[in-house]
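# need a structure here:
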Amino acid sequence: MIPGQNQSWVSEFILLGFSSDPMTNSILFIAFLLIYLSSVLGNGLIIMLVFLDTQLHTPMYFFLCMLSLLDMGYVTTTMPQMLVHLLAHSQTISFAGCWLQMYVFGALAITECTLFVVMAYDRYVAICYPLRYTVILNWGLCIQLASGSWICGFFSSLLNTFFTMSLPYCGPNRVNHYFCEGPSVRTLACMDTHLIEMVDLVLSVFVVIVPISLIVASYIRIAKAILKIKSTQGRCKAFSTCASHLTVVTFFCIPATYTYLRPKSRYSPERDKQNSLFYTAFTPLLNPVVYSLRNKDIKRAFLKVMVYCRWTGGPGW
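I've put the predicted structure just below:
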């Protein structure tokens, strides 16, 4: 590439991953393969159950279905390539491939952050206005909220990825990470990235801090409403509908906040790789487990389809 044309001098990057030891990589390959397959199968099962069981055709499970779809998408954006690199001698990724991976992963992750806010609003309406739940959260509004989350994610990620990948990269090209994540790639730029990091900080505040603040505000009102419930059983039931969502939000948002909002002086490649595992691998695995174990409707739908398949030899209702 010709310097001065606002293009990178680097045509590919080398993702260093976790280890250079073949034995360690083999063990990691088995572990991450199991995590990936479990994540895809678990989230796919939730999507199938919500689609097949008409009793789950409610706003809450519609948003849960969107969450599972997002988890399947962004775990597939990073994990298959990482699995190949764990066994292959070459750990390269093209400049265009890095750009695409960074954009798609960022888009899906930001969409998930926004969807967490929507799900918190769903719980707020369900607990604070139970009699008007289906009126307030009608299907038209649900589709608008879901669509808005996707649009917000893909637009925000486009800006972030464009600013990062428009930097000049003239070498070295060794990224100390297992996928192309913005902060790790930017450390290789051949110019001062202070301005880009300020832009990234502003975007991160909008896509991380603002959603977290809205979620906290929703749950403060939810907590006040729960405390007004007189029966202990009623309080426990109301809280149980929120516990799964809070667990998943915590595992996703806290590591993401540290990675994208921590000062540059505290940048640590090894620590960043470990933190990113929470929102790239563990959260997609955790979602179906948490929502399945704590949700009676999901367990009922699963048992229903299993019994039906046993007696008819195939899925159906």
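# give the buried residues for stretch 129-137.
Buried residues in stretch 129-137, counted by 16 or more other CB atoms under 10 Å: Tyr133, Leu137. C-betas here are computed from N, CA, C, even on glycine.
# now do that stretch: everything it contacts.
Pro59, Asp122, Val125, Ala126 (CB atoms under 8 Å, 6 or more residues apart in numbering).
# of the residues you listed, which is the nearest to Leu52?
Relative to Leu52, the closest of those is Pro59; by CB to CB it sits at 17.7 Å.
# now do the residue lying closest to the closest one once chain neighbours are set aside against Phe63, distance only.
If the residues on either side of it in the chain are set aside, Pro59 comes closest to Leu137, at 4.4 Å by CB to CB, 6 or more residues apart in numbering. Counting by CB to CB, to the nearest Å, the gap from Leu137 to Phe63 is 9 Å.
# give the residues shared as contacts by these two.
Asp122.
# where does Pro211 land in three-state SS?
The assignment at Pro211 comes out as helix when based on DSSP: H, G, I helix; E, B strand; the rest coil.
# residues in contact with it?
Cys113, Thr114, Phe116, Val117, Cys253.
# circling back: most surrounded residue in the contacts of stretch 129-137?
Neighbour tally across the contacts of stretch 129-137 (other CB atoms under 10 Å): the maximum, 25 neighbours, falls on Asp122.
# that one and Ile215, how far apart?
From Asp122 to Ile215 the distance is 12 Å (CB to CB).
# quick one: the strands in this protein?
Along the chain, counting by DSSP state E, strands occupy 12-15, 92-94, 174-175.
# most tightly surrounded among the ones you listed?
Highest mean neighbour count among the strands of the chain (mean count of other CB atoms under 10 Å): strand 12-15, with a mean of 18.
# that one: how far from the chain's middle?
Relative to its parent chain, strand 12-15 has a centroid offset of 24 Å by CA atoms, centre = their mean, to the nearest Å.
# residues contacting that strand, please?
Contacts of strand 12-15 (CB under 8 Å, 6+ apart): 82, 85, 91-95, 98, 173-175, 177-180, 185, 188.
# next: stretch 200-208.
Stretch 200-208 has contacts (CB under 8 Å, 6+ apart) with 110, 113-114, 152, 156, 159-160, 163-164, 182-183, 253, 256-257, 260-261.
# check contacts around the residue nearest the centre of the chain.
Centroid-nearest residue in the chain, with CA atoms, centre = their mean: Ala109, separated by 4.3 Å. Residues near Ala109 by CB under 8 Å, 6+ apart: Tyr74, Gly153, Ser157, Ala256, Tyr279.
# closest one of those residues to Ala301?
Taking CB to CB as the measure, Ala301 lies nearest Tyr74 of the contacts of Ala109, at 25.0 Å.
# can you report how many residues lie near that closest one?
21.
# show me the shaky parts of the chain.
For the chain, residues meeting the criterion pLDDT under 70 lie at 1-8, 263-267, 293-294, 308-317.
# distance between the ends of stretch 166-185?
Terminal residues of stretch 166-185 are spaced 12 Å apart (CA to CA, to the nearest Å).
# give me the buried positions along that stretch.
For stretch 166-185, the neighbour count (16+ other CB under 10 Å) marks 167-169, 173, 175-185 as buried.
# just stretch 43-62 next, same as before
43, 45-50, 52-53, 56, 58-62.
# one more: stretch 295-307?
Buried residues in stretch 295-307 (16+ other CB under 10 Å): Asn295, Asp297, Ile298, Ala301, Phe302, Val305.
# where do the helices sit along the protein?
Along the chain, the segments classed as helices by DSSP state H run 22-52, 59-87, 95-128, 133-136, 139-165, 182-186, 194-204, 210-227, 232-261, 269-277, 283-293, 296-312.
# hang on, the earlier thing: which of the contacts of stretch 129-137 sits closest to Leu286?
Of those, the one sitting nearest to Leu286 (CB to CB) turns out to be Asp122, at 19.4 Å.
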